[in-house]
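Participant: Can you look at this prediction? I've put the sequence above it.
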Amino acid sequence: MHDEPAPSATARRDDAGLWRGYLGLCLLCWLLYAMAATEWQRGGWRLIDGLYEASWNLLPPMLLGAAALPWVRWLHRRQGSAGAWIAPALHLAAIAVFVALWEFVDFAAARAFFGLDHAVATFHQRVLWRAVWGVFIYLALVFGFGGALHSRRAQRAALQAARAEAALVRSELAAISGKLNPHFLFNTLNSLLMLIRKDASAAEDALLCFSRMMRYVLDKTRGAADRVPLQDELDFLHDYLALEALRLGPRLRVDWQIDPATVADAIPPLTLQPLVENSIVHGIAPQRQGGTVRIVAARVAGSTDLELRVADDGAGCVWPPAVEATRGRGIGLGALRRRFQLDFDGRAHFEVRSAPGAGFHVEIRVPQPA
């Protein structure tokens, strides 16, 4: 059974919109009927007769139609628990009740205003006409209110899915932001221990780099949706690469291509480091001769957007890889992709390219305020 949640302020506003639309449609039908029933050739005063006919014939089904919204909502709540034949049977019964009530209201009003004989004559004259129109009006009401409720349910489901996706991304980003790769930490500590024995001054500088990195990563005042200047991210990346160079030495080469005009641009924190770490772990470290990581920040031509590129000349891989091959491959690539999809409302661009022997390339386009 698919029960709708308890009425909320949003649901009440949506219902108010439905009722306004229903009243507007009723008024339009009433005016059109009155104009069609007016005999304009006999003088404008006949408009009163048209208004009378419209009110007499349309007011009862309009009032009865107000029960269609709660009726359709009740049917939707029991849609999952009812058998396949229950819904058609309920609709047939509802049509019979709707037509019968319309006939009864019309008969009672005619008897009250014009007497029994007139009411009986009018009933025999219009019973078939009202039965046919009753079916059409009932179906129009059910499809109209039903379509509106289905649309509302679809929008609510889409919103819940987006919120769930956003919560998942935030949790993944929190995991990325809350820690660095444990292998990097262990390797750095081992390198620092060896450096202390060889060069205490260099070890002190390395410890300062490590301290700045930890402060940046563990900044509790910054959320996953916040922005930092590109320069802050680059400073963090310089410290990270300086510590990796303790382990890899001349095997790690870095090609910086940073447009000075972009260093104040805003980007999500910890955007570049996971990409550079991917290149080092999977592209540079496994090769005896090492390799080069290229880091590019440039303005997109004809736009205020920032373009970031991280590439290496490592072995590369087949991309996109098989599903089973993605397990353990890459540090937060999926989370980063979803982060840019959600944070920038689909305006960001995140592309990964790779091939065997062609290295690994990641390109990000980050929208910036005009």
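Facilitator: Yes, it's here. Residues are numbered from 1 along each chain as shown.
Participant: middle-most residue in this structure, spatially?
Facilitator: residue 162 (4.0 Å; CA atoms, centre = their mean).
Participant: quick one, what contacts that residue?
Facilitator: Counting by CB atoms under 8 Å, 6 or more residues apart in numbering, residue 162 makes contact with residue 342. The C-beta positions use only the backbone N, C-alpha and C, and glycine is treated the same way.
Participant: how far out from the middle of the chain is the strand or helix carrying residue 139?
Facilitator: According to DSSP states H and E, residue 139 maps onto helix 116-177. Relative to the centre of its chain, helix 116-177 is centred 22 Å away, using CA atoms, centre = their mean, to the nearest Å.
Participant: Quick one: mean pLDDT over it.
Facilitator: On average, the pLDDT along helix 116-177 is 78.
Participant: May I see the buried residues of the helix or strand containing residue 107?
Facilitator: Assigned by DSSP H and E, residue 107 belongs to helix 86-114. Under the neighbour-count criterion of 16 or more other CB atoms under 10 Å, helix 86-114 has 94, 95, 98, 99, 101, 102, 103, 106, 107, 110, 111 buried.
Participant: Redo those as TSV? Include distance to residue 227 and pLDDT.
Facilitator: Formatted as TSV, the buried residues of helix 86-114 follow (distance: CB to CB, whole Å; pLDDT from 0 to 100):
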residue	distance to residue 227	pLDDT
94	56	85
95	59	86
98	58	86
99	63	86
101	61	88
102	62	85
103	67	85
106	66	84
107	71	85
110	72	83
111	74	86
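Participant: Relative to residue 152, which of the residues you listed is nearest.
Facilitator: Within the buried residues of helix 86-114, the smallest distance to residue 152 is 21.5 Å, found for residue 94 (CB to CB).
Participant: Wait, that closest one touches residue 74, no?
Facilitator: No. Look at residue 94 against residue 74 with CB atoms under 8 Å: they stay out of range, at 10.5 Å.
Participant: mind listing the strands for the stretch 201-350 of the chain?
Facilitator: 228-229, 252-258, 266-267, 291-299, 306-312, 349-354 (DSSP state E, counting those that start in this stretch).
Participant: helices and strands around the first one, which ones?
Facilitator: Using 3 or more CB pairs under 8 Å, 6 or more residues apart in numbering; DSSP states H and E as the contact criterion, the elements in contact with strand 228-229 are strand 266-267.
Participant: so how far is the strand it packs on off the chain centroid?
Facilitator: The answer for strand 266-267 is 22 Å, by CA atoms, centre = their mean.
Participant: from the chain's centre, how far out does the helix holding residue 107 sit?
Facilitator: On CA atoms, centre = their mean, the centre of helix 86-114 falls 44 Å from the chain's centre.
Participant: likewise stretch 281-300?
Facilitator: Worked out by CA atoms, centre = their mean, stretch 281-300 lies 34 Å from the chain centre.
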